[in-house]
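# model this:
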Amino acid sequence: MRHSEPADPPGGPAGVSELDGAESLLHGPAVSAGDGQRSAHVDVPVRLRRATLIAVLGILAATALDSTVISVALPTIRIDLGSSVAGIQWISSVYMLALALILVPAGRLTDSLGPRPVMRIGLFAYLAASAIAALAPDTVVLILARAGQGFAAGLVAPATVVLIEGAYGDSRRGRAFGLITMLLAVASAAGPVVGGALTDTVGWRMIFVLHFAMALVSLAMTRRTPNPPGSRHGASIDPVALLGLSVLVLGLQLAIIEGGQRGLAWGLACTAGAVAGAGLLYVRDRRAEDPLVDLSLLRPPRVLASLLCRVAVSFAFFGNIFYLTLFLQGPAGYSAFQTGLILLPSSLVGIASAPLAGRLVDRFSPDLTLILGTGAAALSLFALAVVHETSSVPLHLAPALALNGFGYALTTVGTKTAPLASVSPQMKGRVTALVSVTARLAAGFGVTFATGLFNLVLGPSIERALEVLGVPPSQEVRQFILGHIGASDLPQTVTDQAATSAGFTSAEQAVATVDKAFALSYSLISGIVGVLVVFVALGLALLLRPRRAG
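Numbering: from 1, shown residues only. I've put the predicted structure just below:
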């Protein structure tokens, strides 16, 4: 049953800050305040410190919003641009994938050129991508613009860390980073609500206009932002290794998203391309003194456990939230703004749980937070697996999403602290960077994997929906459902004539069948991903057992 009344707001995603992991992507003197190679800090006037803080806050708040704000607008974007489910999947995931691919090169570029010029380049790119996204005439242009936003966000992330550290110095940087972290958490939490409000009132394009305005403020303030002295250092990156990583990521993405629609040959060709990219990356990194992806960092059990935990939770979270927003605005019948309100408290639970997670780490060990957080994420997925189109938001969705926020907070704190206890000081930056970048790749692939699962279970779900609602099965009926699955405007667009010509008795029956098929598919993918996360939690318990015993 589609709801038209306002919803109580009980749960939603915890946001992901672009600041997370950016500092550790810079090698040696670019980030380490205590490094002897770095020149002494020069006291910066208050007005320049404030200009730097405003410049950094503007772009980081925009990119923090970018991670969550678009989710609730996807059903409306699909209608306006005539996108397929695969199309809006690309719109959702390409941002995180592009961001992850550029983070490591951006850190080394910041080492070479200095943070201020790199940040200005990134801001110009972000402005251009946001403007193109706001004016996008079709799905392809919007996907390319979102990729541009991701590249620009990844480019500025390491530079912002160095600018703040250079402006505030050792004695003041803690307060500056604390303020930034708090505001970014608020921005990420507010993303679904802001996106829903703009989508329901002035349209989804205003989301990108807002991003443009925030980046413009940052660009204006960088004119007064000092470049830290001694911030340029020799750094290099192997372009061939980066090409191999890009081909690996893009090949897997194309194989999963497009393979089901374009056929087996397409899927096999994309998979072969991904394998070739992986091989190229392996060969180049094996010969390099400074490899792009250093797999030797995974030898300590806590490092490997942190990476598996972060990947599993990011993978499950972003894949689930993509289809949850479609479910809430489709079968459940909520508006974009109501959906944003439903998702908000999960972020608030995550923010409130972070201090508790920190105390658990200090009193016991980060191992406990990794296992408990992953287990909580799995339980939230199982709770969402029994949600259907008539489920109560306060009774069914709220507890599941609150549990999701709690688990996300535990795993985030755990994966930030566990690796640092297992490696030498010289390796801490690279280990943190590896976990952070892999988590972002997992976030993008989480949506991809969920789409592949959805396509896999959709057929059985359609048959079950036809059986439950007593609709005679036929090829016309199945094609009708496939053509309308995931749409949020079915009651307004499906007519009795179209429904009866497809084999239904009425438009109401057609809409109910499509909604039931989608709800069943969503339940199945939530349960399947939940089982996978349980296996990861069990693997973490086994992997960390010697460490806990010791």
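
# quick one: buried residues of the helix or strand where Gly358 lies?
Secondary structure from DSSP states H and E places Gly358 in helix 336-363. Counting neighbours by 16 or more other C-beta atoms under 10 Å, one finds that the buried residues in helix 336-363 are 336-351, 353-354, 357-358, 360-361. No exception for glycine: its C-beta is placed from N, CA and C like everyone else's.

# The very next helix or strand once past that helix: which residues count as buried?
Next in sequence after helix 336-363, counting helices and strands by DSSP H and E, comes helix 366-385. Residues of helix 366-385 classed as buried by neighbour count (16+ other C-beta under 10 Å): 366-385.

# cool, and stretch 242-261?
242, 244-257, 259-260.

# List of residues touching that stretch?
Stretch 242-261 is contacted from outside by 86, 89-90, 93, 97, 100-101, 104-105, 266-267, 270-282, 284, 292-293, 441, 444-445, 448-449, 451-452, 455, using C-beta atoms under 8 Å, 6 or more residues apart in numbering.

# Swap in 6 Å and give it another go.
Stretch 242-261 has contacts (C-beta atoms under 6 Å, 6 or more residues apart in numbering) with 86, 89, 97, 101, 266-267, 270-271, 273-274, 277-278, 280-281, 448, 451-452, 455.

# now those residues: which count as buried?
86, 89, 97, 101, 267, 270-271, 273-274, 277-278, 280-281, 448, 451-452, 455.

# So which of those sit within helices?
Judged by DSSP state H, the buried ones among the contacts of stretch 242-261 include 86, 89, 97, 101, 267, 270-271, 273-274, 277-278, 280-281, 448, 451-452, 455 as members of helices.

# how close does Ala510 get to Thr68?
Going from Ala510 to Thr68 by C-beta to C-beta, to the nearest Å gives 33 Å.

# worst-scoring helix or strand of this protein, pLDDT-wise?
Ranked by mean pLDDT, DSSP states H and E, the weakest helix or strand in the chain is helix 239-262, scoring a mean of 76.

# What helices and strands are in contact with the longest helix belonging to the chain?
Secondary structure of the chain per DSSP H: the longest helix is helix 139-201. On a contact count with 3 or more C-beta pairs under 6 Å, 6 or more residues apart in numbering; DSSP states H and E, helix 139-201 meets helix 46-68, helix 85-113, helix 115-134, helix 205-221, helix 336-363.

# The last one packs against which elements?
It refers to helix 336-363. With contacts taken as 3+ C-beta pairs under 6 Å, 6+ apart, helix 336-363 sits against helix 139-201, helix 301-329, helix 366-385, helix 398-417.

# just the longest one next, same as before
Taking 3+ C-beta pairs under 6 Å, 6+ apart as the contact definition, the neighbouring helices and strands of helix 85-113 are helix 139-201, helix 239-262, helix 428-469.

# and with 10 Å instead?
On a contact count with 3 or more C-beta pairs under 10 Å, 6 or more residues apart in numbering; DSSP states H and E, helix 85-113 meets helix 46-68, helix 74-81, helix 115-134, helix 139-201, helix 239-262, helix 301-329, helix 428-469.

# how far out from the middle of the chain is the fifth one?
Put simply, helix 239-262 sits 18 Å off its chain's centre (C-alpha atoms, centre = their mean, to the nearest Å).

# Can I get it as PDB, trimmed to CA atoms?
Output of helix 239-262 as PDB, limited to C-alpha atoms (Å, rounded to 0.1, in the frame of the first residue of the first chain):
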ATOM      1  CA  PRO A 239      50.700   6.100 -14.600                       C
ATOM      2  CA  VAL A 240      50.700   2.600 -15.900                       C
ATOM      3  CA  ALA A 241      49.800   1.100 -12.500                       C
ATOM      4  CA  LEU A 242      47.100   3.700 -12.200                       C
ATOM      5  CA  LEU A 243      45.800   2.700 -15.600                       C
ATOM      6  CA  GLY A 244      45.700  -0.900 -14.500                       C
ATOM      7  CA  LEU A 245      43.700   0.000 -11.400                       C
ATOM      8  CA  SER A 246      41.300   2.100 -13.400                       C
ATOM      9  CA  VAL A 247      40.800  -0.700 -16.000                       C
ATOM     10  CA  LEU A 248      40.200  -3.200 -13.200                       C
ATOM     11  CA  VAL A 249      37.500  -1.100 -11.500                       C
ATOM     12  CA  LEU A 250      35.800   0.000 -14.700                       C
ATOM     13  CA  GLY A 251      35.800  -3.500 -16.100                       C
ATOM     14  CA  LEU A 252      34.200  -5.000 -13.100                       C
ATOM     15  CA  GLN A 253      31.600  -2.200 -13.000                       C
ATOM     16  CA  LEU A 254      30.700  -2.700 -16.600                       C
ATOM     17  CA  ALA A 255      30.500  -6.500 -16.300                       C
ATOM     18  CA  ILE A 256      28.100  -6.400 -13.400                       C
ATOM     19  CA  ILE A 257      25.900  -3.500 -14.400                       C
ATOM     20  CA  GLU A 258      25.700  -3.900 -18.200                       C
ATOM     21  CA  GLY A 259      26.500  -7.700 -18.500                       C
ATOM     22  CA  GLY A 260      22.900  -8.800 -17.600                       C
ATOM     23  CA  GLN A 261      21.400  -6.500 -20.300                       C
ATOM     24  CA  ARG A 262      24.000  -6.900 -23.100                       C
END
